[in-house]
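Student: Quick one, fold the following:
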Amino acid sequence: MSRVDKIDLTLSLSVEASLARVSAAQRRITHLRLFTAGLLENHEPGPGLLVLFEGFDAAGKGGAIRRLTASLDPRHVRVVPIGPPTELERAHHFLWRFQPTIPARGAMTVYDRSWYGRLLVERVDGALNNDGARRSAEEIVEFERLLINDGVTLVKFWLHISDAEQLRRFNERRDNPLKHWKLTDDDWRNREHRHAYLRYLEDVVAWTDHAHAPWDLIAAEDKHYARAVILETLIQRWERDLERRGVTVPTSRGDDYLH
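Tutor: This is a model prediction of the structure:
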């Protein structure tokens, strides 16, 4: 059984418990963000932070990103939505287009989708064969290693939902005028290829889950559970990477810095 198959989609959390845990995590994230930006305690700027979100359409990436960035000053975080490559980008190596948004020392970037579209979307669409996918995966592994060795903290999330839950969310978007803009013809077409995405997702995890850049596979069937766990997991990964680099991580939750 693959790691994807082992994701427990029954995990859930009450609204009240989720709000409390999200709020506590946001306070800590605010503190860590100010700390790594070099804005607290006369500390030098720390490693740049890159948080990468992948998942099925309607898995809750946008909601998770909103909770992640809600307590941060907009000057201290950059959110980058990743769409299909342009004609110019297709004329270069597939990783070329990401260079301008890689966070510098003391900076933070959040990707809504990422270079893993190369191993998922392009493979499902038939634009990349198996040999090309394996080679691209190796290049991604080395690219991520280069980023980390150059002083970037990388955290990778896959948000997982069932076929039935995705359909329910699609229908909700279709029927809600304020959410209808989120649903596109491409979403419906992608849904028809769910089995192919699952198959290639197993390859993605097997090929690109390494100690220097592990995948965190999040059960996102219940949004309240996913939002809390994502923020808490980010904090753990972030603190662990800072400690690995010899940085003394402050213990305060950062309550004084939230407002």
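
Student: The stretch 101-250 of the chain: helices as residue ranges?
Tutor: Listed in chain order, the helices of the stretch 101-250 of the chain (DSSP state H, counting those that start in this stretch) span 121-124, 130-149, 163-175, 185-192, 194-208, 223-244.

Student: Reformat these as CSV; add distance to Ser114 and mean pLDDT.
Tutor: To be clear about C-beta, it is placed using only N, CA and C from the backbone, and glycine gets the same treatment. What follows is the helices of the stretch 101-250 of the chain, written out as CSV (distance: least, Cβ to Cβ, whole Å; pLDDT from 0 to 100):
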stretch, distance to Ser114, mean pLDDT
helix 121-124, 11, 96
helix 130-149, 9, 98
helix 163-175, 20, 95
helix 185-192, 16, 90
helix 194-208, 11, 97
helix 223-244, 15, 98
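
Student: I'd like to know how many residues surround Arg191.
Tutor: Look at Arg191: counted by other Cβ atoms under 10 Å, it has 16 neighbours.

Student: From Leu183, how far off is it?
Tutor: In this view, Arg191 and Leu183 are 10 Å apart by Cβ to Cβ, to the nearest Å.

Student: How about Val229?
Tutor: The span separating Val229 from Leu183 equals 26 Å under the rule Cβ to Cβ.

Student: Give the closest residue to Ser136 in space, chain neighbours not counted.
Tutor: Arg118 (5.1 Å; Cβ to Cβ, 6 or more residues apart in numbering).

Student: Who's the closest spatial neighbour of Trp207, skipping the chain neighbours?
Tutor: Ala137 (4.0 Å).

Student: which ones are touching that neighbour?
Tutor: Residues near Ala137 by Cβ atoms under 8 Å, 6 or more residues apart in numbering: 119, 203-204, 207-208.

Student: and it, how far is that from Asp150?
Tutor: Using Cβ to Cβ, we find Ala137 at a distance of 20 Å from Asp150.

Student: Next: Gly63.
Tutor: With the distance defined as Cβ to Cβ, Gly63 ends up 31 Å from Asp150.

Student: Which one of those two is surrounded by more residues?
Tutor: When Gly63 is set against Asp150 and neighbours are counted by other Cβ under 10 Å, the residue ahead is Gly63, at 16 against 11.

Student: Secondary structure of that one: a strand, I assume?
Tutor: No. Per DSSP: H, G, I helix; E, B strand; the rest coil, Gly63 lies outside any strand segment and is helix.

Student: I'd like to know how many residues surround the residue nearest to Ser136.
Tutor: Residues contacting Arg118 under the criterion other Cβ under 10 Å number 21.

Student: Let me know whether it touches Asp125 as I believe.
Tutor: No. No contact is recorded between Arg118 and Asp125 when judged using Cβ atoms under 8 Å, the distance being 11.0 Å.

Student: what about the residue nearest to Ala228 when sequence neighbours are not counted, helix or strand, and which?
Tutor: For Ala228, the nearest residue in space outside its immediate sequence neighbours is Arg21; the separation is 4.0 Å by Cβ to Cβ, 6+ apart. The secondary structure element spanning Arg21 is helix 15-36 (assigned by DSSP states H and E).

Student: Please consider this matter closed, and thank you.
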